[in-house]
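K.L.:
Quick one, fold the following:
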Amino acid sequence: MQVYRLGPKSGDTSDRNWEATTLKNKCWVLAESEADARQKVALATGIGARLQRGATIPKSPWINRELTDCVPDNAAERQPPQSALIGWPCPCRKLTL
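P.N.:
The predicted structure is shown next:
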């Protein structure tokens with residue numbers, strides 16, 4: 001397992017898919033792979049979004065590589081605060097950043 005840092009690309013949360021998450025800032029997650037990290041954040045932060053006639057249904061931006069960055073982040077000087085971790089040491093919804 002390793003630590004991954006996820007965040008909106010260039011800080012941009014204007015895409016409609018951001019309506020489908022409670023978290024719009026960077027976070028860290030303990031995961032086995034990038035896909036696992038993205039899925040954990042999506043599951044921990046997902047919410048229902050309003051539907052609009054003729055528009056696509058919003059999906060979690062955390063699984064979309066065009067909307068979010070997801071990189072390994074194990075540098076000791078950048079270890080995230082415990083409260084900003086998802087899935088460390090157990091799955092939880094502590095998202096205070």
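
K.L.:
C-alpha from now on. contacts and neighbour counts both.
P.N.:
Fine.

K.L.:
Just say helix, strand or coil for residue 70.
P.N.:
strand (DSSP: H, G, I helix; E, B strand; the rest coil).

K.L.:
Next: residue 35.
P.N.:
Judged by three-state DSSP, the three-state class of residue 35 is helix.

K.L.:
Now it: closest residue in space, sequence neighbours ignored.
P.N.:
residue 63 (7.8 Å; CA to CA, 6 or more residues apart in numbering).

K.L.:
next one: residue 34
P.N.:
Nearest residue to residue 34, sequence neighbours excluded (CA to CA, 6+ apart): residue 70, at 6.6 Å.

K.L.:
Quickly note the distance from the one you found to residue 52.
P.N.:
Using CA to CA, to the nearest Å, one gets 29 Å for the distance from residue 70 to residue 52.

K.L.:
ok, now residue 18?
P.N.:
15 Å.

K.L.:
again with residue 11
P.N.:
For residue 11, the distance to residue 52 equals 25 Å [CA to CA].

K.L.:
Those two: who's more crowded?
P.N.:
More neighbours surround residue 11 than the other of residue 11 and residue 52, with 13 against 9 (other CA atoms under 10 Å).

K.L.:
for the more buried one, what are its contacts?
P.N.:
residue 25 (CA atoms under 8 Å, 6 or more residues apart in numbering).

K.L.:
go on, the one 5 residues further on?
P.N.:
Contacts for residue 16 (CA under 8 Å, 6+ apart) come out as residue 58.

K.L.:
Got phi/psi on it?
P.N.:
When read as degrees, to the nearest 10, the backbone of residue 16 gives phi -60, psi -30.

K.L.:
Need phi/psi at the closest residue to residue 21 other than its chain neighbours.
P.N.:
Excluding the flanking residues, the one nearest residue 21 by CA to CA, 6+ apart is residue 46, at 4.6 Å. Main-chain torsions, residue 46, degrees, to the nearest 10: phi -70, psi 140.

K.L.:
Wait, residue 46 touches residue 22, no?
P.N.:
Yes: counting by CA atoms under 8 Å, residue 22 is a contact partner of residue 46 at 6.4 Å.

K.L.:
Which one of those two is surrounded by more residues?
P.N.:
Ranked by neighbour count (other CA under 10 Å), residue 46 and residue 22 place residue 46 first, with 18 against 15.

K.L.:
Great, nothing more from me.
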